[in-house]
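# got a predicted structure here, sequence first:
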Amino acid sequence: MKNKIIYLVLLTFAAVSGYSQVKKESKGNKEYEKYAYIDAIKTYERIYERGYKTPEMLLKIGNSYYFNAELEKAHKWYDELYATSQEQEPEFFYRYAQTLRAVKDYPKADAMMAKFNEKSGNDSRAKIFSKKRDYLAEIKKNSGRYKIENAGINSKYSDYGPAYLGEKVIFTSARDTGNFSKRIHTWTGQYFTNLYSSNMSEDGSLSAVDKFGKKINTKYHEDTPAFTKDGKTVYFTRNNYLDGRGFDANKVTLLKIYRANLDSEGKWINITPLPFNSDSYQAAHPALSPDEKTLYFASDMPGTRGQSDLFRVKINEDGSFGTPENLGDAINTEGRETYPFISADDELYFASDGQPGLGGLDIFITRIPKDGSLKFKEVLNVGEEANSSKDDFGLIINTKTKRGFLSSNRDGGQGSDDIYKFLETRPIFCDQILFGVVTDEDTKAVLPNTKLVLFDEKFNKLQETVSDAEGKYEFKEVECGKKYYVNASLEDYETKESSVIIGTESGKTELNIELKTKVCRAKVGDDIADCFKINIIYFDLDKWNIRPDAAVDLAKLLDVLNQNPSMKINIRSHTDSRASHAYNAKLSDRRAKSTRDWLIKNGIAADRLTAEGLGETELVNKCSDGVKCSEEDHQLNRRSEFIITAL
C-alpha cells in the first residue's frame, strides 16, 4: 500500500510537472509568434534543460536562431530534430542545408538540398541548385580577389550597412542610443539601430564615429542609407512605428523607406515616407543607380517570389515615383534577396540565401542590362574572402579605387555584425571583345560595309554590326570561354559563317573573315578560265576538233561572253612538244580557229574574237623535245586559253 501511495504521488508530480512544461512551451509559442525570438529561445531552452522536448519545439528553437543569423546554434537544434524525425516540411531541409554550410559540412548540405529539391516541387532555389551542382567550384574560381580587414569602427553590438557620403561613410549600429531608457528589439535582443558617421581616408581607413542626422535618428530603427552624389538627398530605412502608430494587421511593426533633404543650414528636412510603402508589407535597404534616376530596394510587397525580393522604381524629374518592378527570376528566389548596391559600372551587388553559397547570406553580383530591360545575365557568387559560412551582405565599392566595405557576422568579429574594409585585387567579370577584318579571299582587299551577325552556340541572334571603311568590325561584351558563330554577308559575295571560341581571360579575340566572290571581277589580261572557273580546253594528239568534254566548258565560256557583251577575248591554242615546231605551229593555229569557229557558230560576234596558235612555245611542264613524258603529261600542253583583251 505504501509503495502504491508513493507511485501515485510520483505520477501526480510527473503529471503536474508535465503540465507545467506544456504551459511553458505554450508561452514560448506565443513569444515565437510575436517574433520575440530571443525570449522564445530562453523559454524553450529552459524547459528543454528540464528534459522536456517536442519536435515542434526543436523546430522553433532552430528557427529562432536561424532568423537571428546564428546558424551554428540553429544547426544543433535542426540536427536533433532530423535525428528524431526525417519527415519534415520542404523549407526545413533548405534551412538545415544552410546551417550545415555554416559548419562547413558541404556534402551533407548538398544531400539536404537534394531532399529539398525532391520535396519542394517548383521552388526556384531547388532549380538553381540542380543547375549549379558544382557551385563550390564556381565559388573557388571567384575567390581570392579581396584583401579584407576589420574597418576599425566596430562595437560589441551590430554594425552594418555602410554607405558613401562624399569622404564619409555612414553606417548602421545598435551601439548606445544615447537614451537613459534603452529600447531593445525583441527579435534580435539588441538595441534599436541608428545611423553613425565616420571620416574615410584614401586607403579606406575610417576614423572616429559620430552620430549622424539628429532629425533622421529616432528611438526606433533607422538603417541602410543611400545618398545622392551632391549629398543633398538621402533615402533610408526606418521602422514604421512612430508616435504610437504604425502596425500591420498582426500588430507587428514593419520597415519603410524614407527620403529627406538637406537644407542650407545642414539640417535634414522634409523627412517623408515614399509613396509605395505600406503598413501591410516591408520596404527597406534603398540603393541608387549611378544616374540617380532609379531606386533599388528590398521588399516583400505583393508579387514577391520569396521572403524578400529586389525591386526597382523610377524616380521622375519632379521627384515622384513610378510603379515598383520586381527584378525577376534571374535575381529573386523563394529565399531572401536583400541589400542591393549599384556600382558606378552598373554592377548590381546584393545578398541572397536563395542562390547557392557558403552559408547564410552570400554576396552576389550581376550586370544591369544596358537596354534597361530586366534580362539579367548569370548571377555570380563573389567568392571568398568576401563571403564566409555566415551572413555576408551590404557590400559597397568605389570602382575607381577598387576599395569598399561589406558587413558580416563571420567568426573573429567584435559584435553580431561587423563592417569590414576591402581592396578588390582583380575583377570578377572576364571582359572580351571579338574583332577582326573582312577581306576578299582572292585579292585580299578589305571589304567595307559587310554585314556581320553574332550568334551564340544555340544560334540565338545576339548582336549585329557592319564593317568600317577599313573592313574592321568588333562585337563587345562577348563571354569568355564561350563558342560563337559570326555570319558575314556582302553583295556579290558568298555568305560565310565562321565559328570562334572566346579567350578565357579579359582581352580581345581575333576572327578575320575572307569572303569568296559570287562573280569574277576580271580585268584585261586575265584568263577567263581562271576567273570564271572554266576548265582548260584540251585536244587529242594531232587533232583540232572540239571534244565532247571540251564542248561542256566552251558552253560555260559562251555564257560568260553572253553575260558580258562588251568583253573581247584572244583564243590562244597550244600543242605538246612532239612533232616539229613548224607542224605544231600550224596545228595550234587550227585548234585556235576551230575554237573561234565554235563560238561564232553559237552566236558570238566574230569581231569579239581573235585566235592564234603558239605551238609548243609555252609548255606548262618539263616535256620538251627529247624528254620522256607520259601521255598525261603531254596532254597538259595540248590546250586553249582565253585571254581578255577588252571589257
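Perfect, thanks for sending it. Numbers count the residues shown, from 1 in each chain.
# residue for residue, what is the longest strand this protein has?
strand 431-440 (DSSP state E).
# which residues touch that one?
445-447, 450, 452, 454, 467, 470-480, 484, 486, 488, 490, 493, 500, 502-503, 506-515, 517 (CB atoms under 8 Å, 6 or more residues apart in numbering). In this view, the C-beta of every residue, glycine as well, is placed from N, C-alpha and C.
# ok, of those, which come out buried?
446-447, 450, 452, 454, 467, 471, 473-475, 478-480, 484, 486, 488, 490, 493, 500, 502-503, 509, 511, 513-515 (16 or more other CB atoms under 10 Å).
# just the residues you listed: which are in strands?
Within these, residues falling in strands by DSSP E are 452, 454, 473-475, 478-479, 484, 486, 488, 500, 509, 513-515.
# shouldn't residue 153 be in contact with residue 206?
Yes. With contacts defined as CB atoms under 8 Å, residue 153 counts as touching residue 206 at a distance of 4.8 Å.
# coming back round to it: residue 625: which of the ones in strands among the buried ones among the contacts of strand 431-440 is nearest?
Ranked by distance to residue 625 (CB to CB), these are led by residue 514 at 43.0 Å.
# quick check: pLDDT value at the closest one.
At residue 514, the model reports a pLDDT of 96.
# closest one of the ones in strands among the buried ones among the contacts of strand 431-440 to residue 231?
Nearest to residue 231 among those: residue 479, at 37.9 Å, using CB to CB.
# what sits against the nearest residue to the closest one once chain neighbours are set aside?
Closest residue to residue 479 apart from its sequence neighbours, by CB to CB, 6 or more residues apart in numbering: residue 502 at 6.5 Å. Residue 502 sits next to 432, 434, 478-484, 509 when contact means CB under 8 Å, 6+ apart.
# tabulate these (JSON lines), appending pLDDT and distance to residue 531.
Formatted as JSON lines, the contacts of residue 502 follow (pLDDT from 0 to 100; distance: CB to CB, whole Å):
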{"residue": "432", "pLDDT": "93", "distance to residue 531": "40"}
{"residue": "434", "pLDDT": "97", "distance to residue 531": "34"}
{"residue": "478", "pLDDT": "92", "distance to residue 531": "38"}
{"residue": "479", "pLDDT": "88", "distance to residue 531": "43"}
{"residue": "480", "pLDDT": "90", "distance to residue 531": "43"}
{"residue": "481", "pLDDT": "90", "distance to residue 531": "43"}
{"residue": "482", "pLDDT": "92", "distance to residue 531": "40"}
{"residue": "483", "pLDDT": "95", "distance to residue 531": "37"}
{"residue": "484", "pLDDT": "97", "distance to residue 531": "34"}
{"residue": "509", "pLDDT": "96", "distance to residue 531": "35"}
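# which one's more surrounded, residue 153 and residue 206?
Ranked by neighbour count (other CB atoms under 10 Å), residue 153 and residue 206 place residue 153 first, with 24 against 21.
# can I take it that the more buried one is in a helix?
No. Going by DSSP: H, G, I helix; E, B strand; the rest coil, the assignment for residue 153 is coil, not a helix.
# please enumerate the helices of the stretch 451-600 of the chain.
Applying DSSP state H, counting those that start in this stretch to the stretch 451-600 of the chain gives helices spanning 528-531, 548-563, 581-601.
# any chance of those in JSON lines with mean pLDDT, distance to residue 126 and mean neighbour count as columns?
Formatted as JSON lines, the helices of the stretch 451-600 of the chain follow (pLDDT from 0 to 100; distance: least, CB to CB, whole Å; neighbours: other CB atoms under 10 Å):
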{"stretch": "helix 528-531", "mean pLDDT": "77", "distance to residue 126": "64", "mean neighbour count": "18"}
{"stretch": "helix 548-563", "mean pLDDT": "78", "distance to residue 126": "65", "mean neighbour count": "15"}
{"stretch": "helix 581-601", "mean pLDDT": "85", "distance to residue 126": "77", "mean neighbour count": "18"}
